[in-house]
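[1] let's see this in three dimensions:
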Amino acid sequence: MVGSKGTILNTFNGGLTWSRQDSSQTYDLLNVYFTDTKKGLIVGGNLDDELDGGVILYKNNDSFTWYAVESGTFKNLHDMAVTETGACTIIGESGTILFNANYMDVKIDTNITPVEYNNVLYPNYPNPFTNSTMIQYELQNESLVRFEIYNILGQRVKTLVNEVQSAGLYNIDWTAQDDNGEKVSSGLYFYRLQTSDLVETMKMIFLR
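    Next comes the predicted model:
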């Protein structure tokens, strides 16, 4: 049995008693599949953030150790099916489908549904924040990207990105420091993303 925050429960007596197993994961584990007592797969993600998923764990022996596998997607994975020949299909959010001709080979084939990105800026988290905050954005195409922080007076206090970036998902961690490395004052700030296809500004609050 699997659950939130990396929970894995084992039973050896038909469910009369259960023991918790360390998965070394903080992600939400959403489904588990066993072909026998030695071989199994677990899929999951992060139910609080649909852009932080794509978890696959596997085991293929008598030990209680589960190994993480690179899935090639950040979408949450919810379910799987394994045929008698060992072919495995895993499905997830936004139409994600992963396929492997032999699921115990572990290498997951992701070229069936390539990840598609949009031009979008996401709200920072946490907000308000006291130490640091994370900001995510997506690029649909390669572009020169400028990502800057402004104070309430419209003065630029920090340039976080000024370079050409390829299509994809990007994470920025701002530690409330200006371009000189000094901590900024408490208050309202604006973060601005400018690309060849998008110019967008959002606000956040820093509390010291």
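[2] so what touches stretch 119-129?
    51, 133-140, 174, 176, 191, 193, 195, 197-198, 200, 202, 204-207 (Cβ atoms under 8 Å, 6 or more residues apart in numbering). All C-beta atoms are positioned from the backbone trio N, CA, C, and that covers glycine.
[3] among those residues, which are located in strands?
    Mapping those onto strands (DSSP state E) picks out 133-139, 174, 191, 193, 200, 202, 204-206.
[4] any of those residues buried? List them.
    Neighbour-count burial (16 or more other Cβ atoms under 10 Å) applied to the ones in strands among the contacts of stretch 119-129 gives Thr133, Ile135, Gln136, Tyr137, Glu138, Leu139, Trp174, Tyr191, Leu193, Met204, Phe206.
[5] so what pLDDT did the nearest residue to the last one once chain neighbours are set aside get?
    Leaving aside its chain neighbours, Phe206 sits nearest to Ala176 (5.1 Å; criterion: Cβ to Cβ, 6 or more residues apart in numbering). The predicted structure scores Ala176 at 95 on the pLDDT scale.
[6] who are the contact partners of Ala176?
    Counting by Cβ under 8 Å, 6+ apart, Ala176 touches Phe129, Asn131, Ser132, Thr133, Lys183, Val184, Phe206, Arg208.
[7] least confident of these?
    Arg208 (84).
[8] find the nearest non-adjacent residue to it, please.
    The spatially closest residue to Arg208, leaving aside those adjacent along the chain, is Ser186, at 4.6 Å (Cβ to Cβ, 6+ apart).
[9] Asn118 is in contact with Glu138, correct?
    Yes: counting by Cβ atoms under 8 Å, Glu138 does reach Asn118; the two are 5.4 Å apart.
[10] now do the helices in this structure.
    Counting by DSSP state H, the chain has no helices to list.
[11] could you list the domains of it?
    Listed domain ranges for the chain are 4-105, 120-206 (source: automatic domain parsing).
[12] and those, which one is worst for confidence?
    domain 4-105 (a mean of 70).
[13] distance-wise, check Asp178 relative to Phe206.
    To Phe206, Asp178 is 11 Å away according to Cβ to Cβ, to the nearest Å.
[14] common neighbours of those two, please.
    Counting by Cβ under 8 Å, 6+ apart, the residues touching both Asp178 and Phe206 are Val184.
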